[in-house]
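Got a sequence here, can you build the structure:
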Amino acid sequence: MKTIKTPIIPSHQEFVKVQAPHEIDKKAICIFAATGFFLGTDTYWKDEKVLPPGTINTIDEEGYWVDSKPWFEWHYSPRNISFATALSEFTTLFESICKEQAQDQAVLLPLSGGLDSRTQAVAYSKLDNPVTAYSYSFKNGFAESGIAKKMAEVCNFDFKEFTIEPGYLWSHLEELASLNKCYSEFTHPRQMAVLDDFKQMEGVFSLGHWGDVFFDRGAAVGTTENTILEELYKKVIKKGGLELANALWEQWELEGSFEAYLKQRMEAMLDMIKIDNVSAKVRAFKSLSWAPRWTSVNLRVFEAAHPFQLPYYDDRMCAFICSIPEAYLADRKLQIAYIKQQSPALAKITWEAARPFNLYNYHHNRVPYNLPYRIVHKLQREIYGVLGKPYIQRNWELQFLGMENDKELQEHLFCENLDPFLPNTLLDSFYNGFKKKDAVNYSHPLSMLLTLAVWYKSRNHA
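Got it, this is the predicted structure:
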């Protein structure tokens, strides 16, 4: 017998065997198709599971999972403390975590125009570790690197700028499938485009994943215990995902309805979270599902170049969040206050989510104050269109638009007979939906079908 203790938010999936038929778990795959991640402990196979977060698990001599007990359960136990005290505690905890994780190593820090990496930048600017910051922008898209470069200059970090080129996926597809084991669709991890560049750098990655979930409201204002399931259901379903899941469910002749099955699974997970506060309960649900089964999956890409650290994943940060009043976490209050207090110069740089405003005036990101920016931004997109260069805003546009991308896509979807798993009639339907009906709505289904096709062709070699 051996024991495996999983972190509160695992950064790696721990696969184990269970006593069940060695069959494809088609119901689990339908959820994957609809949402982009596997739910709970599901995998592609009925006789294989992923160990749940925050548990102590017993594995027998043959590698079978025989027992699991929680060592941590999400809770909401807000202390009666002032916002100033919460800010002081966050400052001490976050900076301690960053220092411990970095040790004496060089730090590789991806910077965006948001708050999570900006918060890290503040913490690392206080340390003696050499820091190389970097950012990437889509070719013919918003110059995200411009904001990141300004932040690096304020912090005196070295800075590298990368451009994500169209069609990068195809030459890296097999390597990406090997890294993430097809547990995430392929168009999200744009860092795959610059993996070779990463390998030329030196240091340990410090990644800002999950800060935006911890330091914001978990549920929209007005969400109640009676509406939480429906609102979460709407959030987990990707655009076009329900149509794909229903089509697969029908194709595979599964009993009942997909929607009823998914809601039943989600309701069971919610019932296990013993939290009355709706916002905290939604955050816990996301941390038990999205984080380990979606966010963590593509961390393997970074790991292919260098080790990584995750300040927001730290067990101490998870425990801290459970003790902070929701009012202090909502609307990014703690992060904004931390940045403004510790580095006013960083706070004055544009916040991408509130362009063109910063952390001092982002409240003006509404009409009429933001109207001039919105007009200019719209003109920029139209000019790109006139020049025959579509303005790139989403990663799938780099992978699926254009003749060369289309050729590669067809080869991967249609070059082999995937029937009965993915018959050509189903593939044709969603491919034609993307090409002839609504590319935005069918981009997720198309990407999921590509992922499933690659997995199915390589399943016997996994």
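
roughly how far out does the strand or helix carrying Phe302 sit from the chain middle?
When elements are defined using DSSP states H and E, Phe302 is found to belong to helix 299-303. Centre-to-centre, helix 299-303 and its host chain are 13 Å apart (CA atoms, centre = their mean, to the nearest Å).

now the helices for the stretch 301-450 of the chain?
Ranges of helices within the stretch 301-450 of the chain are 315-322, 326-329, 333-342, 344-347, 371-386, 395-400, 403-414, 424-432, 439-458, based on DSSP state H, counting those that start in this stretch.

Would you agree Glu202 is in contact with Asn129?
No: applying CB atoms under 8 Å, one finds Glu202 not in contact with Asn129, separated by 11.9 Å. All C-beta atoms are positioned from the backbone trio N, CA, C, and that covers glycine.

Which residues are in contact with each of these two?
Taking CB atoms under 8 Å, 6 or more residues apart in numbering as the criterion, Glu202 and Asn129 both touch Ala106.

More neighbours: the two, which one.
Just comparing Glu202 and Asn129: by other CB atoms under 10 Å the higher neighbour count belongs to Asn129, 18 against 11.

how about the more buried one, what does it touch?
Listed by CB under 8 Å, 6+ apart, the contact partners of Asn129 are Ala102, Asp104, Gln105, Ala106, Val107.

and these, which two are the farthest apart?
For these, with distances taken as CB to CB, the pair at the greatest spread is Asp104 and Val107 (10.5 Å).

Of the two, give the one with the bigger neighbour count.
Remark: of Asp104 and Val107, Val107 carries more neighbours, 22 against 7, as counted by other CB under 10 Å.

check contacts around the nearest residue in space to that one that is not next to it in sequence.
The spatial neighbour of Val107 that comes closest, neighbours along the chain excluded (CB to CB, 6 or more residues apart in numbering), is Val131 at 4.6 Å. For Val131, the contacting residues are Ala106, Val107, Leu108, Leu109, Tyr124, Ser125, Cys155, Phe157, Asp158, by CB under 8 Å, 6+ apart.

Try it again at 6 Å.
Taking CB atoms under 6 Å, 6 or more residues apart in numbering as the definition of contact, the neighbours of Val131 are Val107, Leu109, Tyr124, Phe157.

Please apply the same query to Phe186.
Residues near Phe186 by CB under 6 Å, 6+ apart: Leu169, Leu176, Thr451.

most surrounded residue in these?
Among the contacts of Phe186, the one with the most neighbours (other CB under 10 Å) is Leu169, at 25 neighbours.

and Cys322, what is it in contact with?
Under the criterion of CB under 6 Å, 6+ apart, the neighbours of Cys322 are His75, Ser77.

which stretches of the stretch 251-400 of the chain have low pLDDT?
Judged by pLDDT under 70, the stretch 251-400 of the chain has its weakly predicted residues at 367-392.

In this structure Arg79 contacts Ile324, no?
No: judged on CB atoms under 6 Å, Arg79 makes no contact with Ile324 at a distance of 7.6 Å.

Those two: which has the busier surroundings?
Residue environment comparison for Arg79 versus Ile324 gives the larger neighbour count to Ile324, 22 against 10, counting by other CB under 10 Å.

The spatially closest residue to the more buried one that is not a sequence neighbour sits in which helix or strand?
Across the structure, with CB to CB, 6+ apart as the measure, the residue nearest Ile324 apart from its sequence neighbours is Ala86 (5.5 Å). Element membership for Ala86, per DSSP H and E: helix 83-102.

Could I get the average pLDDT for the helix or strand that that helix is followed by?
Taking DSSP H and E as the definition, the helix or strand that follows helix 83-102 towards the C-terminus is strand 107-110. For strand 107-110, the mean per-residue pLDDT is 98.

what sits up against strand 107-110?
When contacts are defined by CB under 6 Å, 6+ apart, strand 107-110 is touched by residues Tyr124, Asn129, Val131, Thr132, Ala133, Tyr134, Met201, Gly203, Phe205, Ser206.

how about the strands in the chain?
Assigned strands in the chain, in chain order: 2-5, 15-17, 48-50, 55-59, 65-70, 107-110, 131-138, 158-164, 204-206, 308-309 (criterion: DSSP state E).

Which positions within the fourth one qualify as buried?
Read it as strand 55-59. With burial defined by 16 or more other CB atoms under 10 Å, the residues of strand 55-59 counted as buried are Thr55, Asn57, Ile59.

Tell me who's in contact with Trp455.
Cys182.

how about 7 Å then?
Contacts here follow CB atoms under 7 Å, 6 or more residues apart in numbering; on that basis Trp455 touches Tyr44, Cys182.

Could you check how far the residue nearest to Asp47 when sequence neighbours are not counted is from Leu422?
What sits nearest to Asp47 in space, not counting adjacent residues and going by CB to CB, 6+ apart, is Ala20, at 4.3 Å. Taking CB to CB, to the nearest Å as the criterion, Ala20 is separated from Leu422 by 23 Å.

For the helix holding Ala86, name the packing helices and strands.
Helices and strands touching helix 83-102, by 3 or more CB pairs under 7 Å, 6 or more residues apart in numbering; DSSP states H and E, are helix 116-125, strand 204-206, helix 315-322, helix 333-342.

Quick one: mean pLDDT over that helix.
Within the predicted structure, the mean pLDDT of helix 83-102 is 98.

What are the buried residues along that helix?
Using 16+ other CB under 10 Å as the burial criterion, the residues of helix 83-102 that qualify are Ala86, Leu87, Glu89, Phe90, Thr91, Leu93, Phe94, Glu95, Ile97, Cys98, Gln101, Ala102.

Let me have the residues you listed in a markdown table, extended by distance to Leu39.
Supplementary listing: those in a markdown table, determined by distance: CB to CB, whole Å:
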| residue | distance to Leu39 |
| --- | --- |
| Ala86 | 33 |
| Leu87 | 35 |
| Glu89 | 34 |
| Phe90 | 31 |
| Thr91 | 36 |
| Leu93 | 31 |
| Phe94 | 30 |
| Glu95 | 35 |
| Ile97 | 29 |
| Cys98 | 32 |
| Gln101 | 30 |
| Ala102 | 34 |
